[in-house]
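here's my sequence, what's the structure:
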Amino acid sequence: MKHRRIPARRAAVAGVGIAALFAVGGTFQSANAGEPPKTAAPQILSAPAAGELATSLVDHLGASAAGTYYDAKAKSLVVNVLDESAAKTVEAAGAKARIVANSLAELDRARTVLRQDATIPGTAWATDPVSDKVVVTADRTVSGAEWARLTEVVDGLGGAAEVKRSAGRFEPFLAGGDAITGSGGRCSLGFNVVKDGRPYFLTAGHCTEAVSSWSDSLGNVIGKNARSSFPGNDYGLVRYTSGAGRPSEVDLHDGSARRITGAAEATVGMKVTRSGSTTGVHFGTVTGLNATVNYSEGTVGGLIQTDVCAEPGDSGGPLFSGSSAIGLTSGGRGDCALGGETFFQPVTEALSATGARIG
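You can find the predicted model right below:
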């Protein structure tokens, strides 16, 4: 059985992002001093490099930044801004600037209203920088009366939000990369990690809330829960019962594995891959960040939203981009024959909270 790991801290990512920013097309000082720099074509960037540049630009621009996303076709970073001055800074740093109507503060206010007035089981919302709105989704379990209430709240938010229906049902995917089982339930192992010099692995918190001891597909006990967070978050840390280290890789379910060398933040537009014990390997794109999902078991926030499919049993499995760990499968509506709408716990947050790291 092949397992996997995890890497990187937020501070490290931010630091690399600043260095990358200064290396492409100019510095913040030159962008803001004297004669405005001439607009250059956006730099060609990989998705992880775009994420690092996005972190640096958002930190520097502050309230003038209104979201970012990765244009996979052009291989460039797009940064939403509120004025021409911020746009010039973005372009000088090697990204594409896009002036939009809604600030991040306005979108956050919309999310606060939704949380207060529309926390209905079967609903989810995420900030979508492409549409410059908070996109609210209601699954098939939301009743007519609840839909009326939801649309009334969204209408009151004006151009800051929109609502749509989903044909499926949002639920945690209890059943997952390589299969792990316990107490009659099945989930997927996410990433192998190291904490205090000992081997652990990460999976979904809704799995570790229900199961305390885990076995592999052959029935051999492999680990016991060390920490669990669900609802609110959706991650669990399991300590291996033996002291041997595990490889930092993801099972691709074709006899091969993908080496994982670090963890990275998700970026809207990033191409990602998911592995799970029920449905194997599937591909897709990050469509939203900081998503909130109102499962019947409780509300989970700060999730990554994607169009990757998943089904029960894929819970806890790894979401990755290249050699970078991105997320742990939380839930959504599952039917890989029809497509997907799946949510993931960010790996960087789980690592920070548990004190674990990619070995």
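
going forward, measure contacts and count neighbours with C-alpha atoms only.
Will do.

just checking, what packs against the helix or strand containing residue 328?
For residue 328, the host element (DSSP states H and E) is strand 324-335. Packing partners of strand 324-335 (3 or more CA pairs under 8 Å, 6 or more residues apart in numbering; DSSP states H and E): strand 171-172, strand 262-263, strand 318-321, strand 339-346, helix 347-354.

most tightly packed of the ones you listed?
Ranked by mean neighbour count under mean count of other CA atoms under 10 Å, the helices and strands packed on strand 324-335 are led by strand 318-321, which reaches a mean of 28.

now the helices and strands packed on strand 324-335 as JSON lines including distance to residue 50 and mean pLDDT?
Compiled in JSON lines, the helices and strands packed on strand 324-335 are given as follows (distance: least, CA to CA, whole Å; pLDDT from 0 to 100):
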{"stretch": "strand 171-172", "distance to residue 50": "30", "mean pLDDT": "72"}
{"stretch": "strand 262-263", "distance to residue 50": "14", "mean pLDDT": "94"}
{"stretch": "strand 318-321", "distance to residue 50": "13", "mean pLDDT": "96"}
{"stretch": "strand 339-346", "distance to residue 50": "17", "mean pLDDT": "92"}
{"stretch": "helix 347-354", "distance to residue 50": "17", "mean pLDDT": "98"}
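
in the protein, spot the strand with the most residues.
When the chain is parsed with DSSP state E, its longest strand is strand 280-295.

tell me what angle that strand forms with strand 339-346.
For strand 280-295 against strand 339-346, the angle by axes from the mean of the first three to the mean of the last three CA atoms, to 10 degrees is 70 degrees.

returning to that earlier point: buried set for the strand holding residue 328?
324-334 (16 or more other CA atoms under 10 Å).

okay if I get the helices and strands packed on strand 324-335 as CSV plus distance to residue 116?
Shown next, in CSV, are the helices and strands packed on strand 324-335 (distance: least, CA to CA, whole Å):
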stretch, distance to residue 116
strand 171-172, 21
strand 262-263, 33
strand 318-321, 30
strand 339-346, 21
helix 347-354, 24
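
quick one: the helices in the stretch 101-250 of the chain?
Here the stretch 101-250 of the chain has its helices, by DSSP state H, counting those that start in this stretch, at 104-117, 144-155, 205-208.

deepest of the ones you listed, which one?
The most buried one of the helices of the stretch 101-250 of the chain (mean count of other CA under 10 Å) is helix 205-208, showing a mean of 27.

kindly report the domain assignment for the protein.
Using automatic domain parsing, the domain parsing of the chain gives 10-99, 104-165.

low-confidence stretches in the stretch 101-250 of the chain?
172-178, 184, 243-245 (pLDDT under 70).

try it again with 90
Within the stretch 101-250 of the chain, the ranges that satisfy pLDDT under 90 run 166-186, 209-212, 215-222, 241-248.
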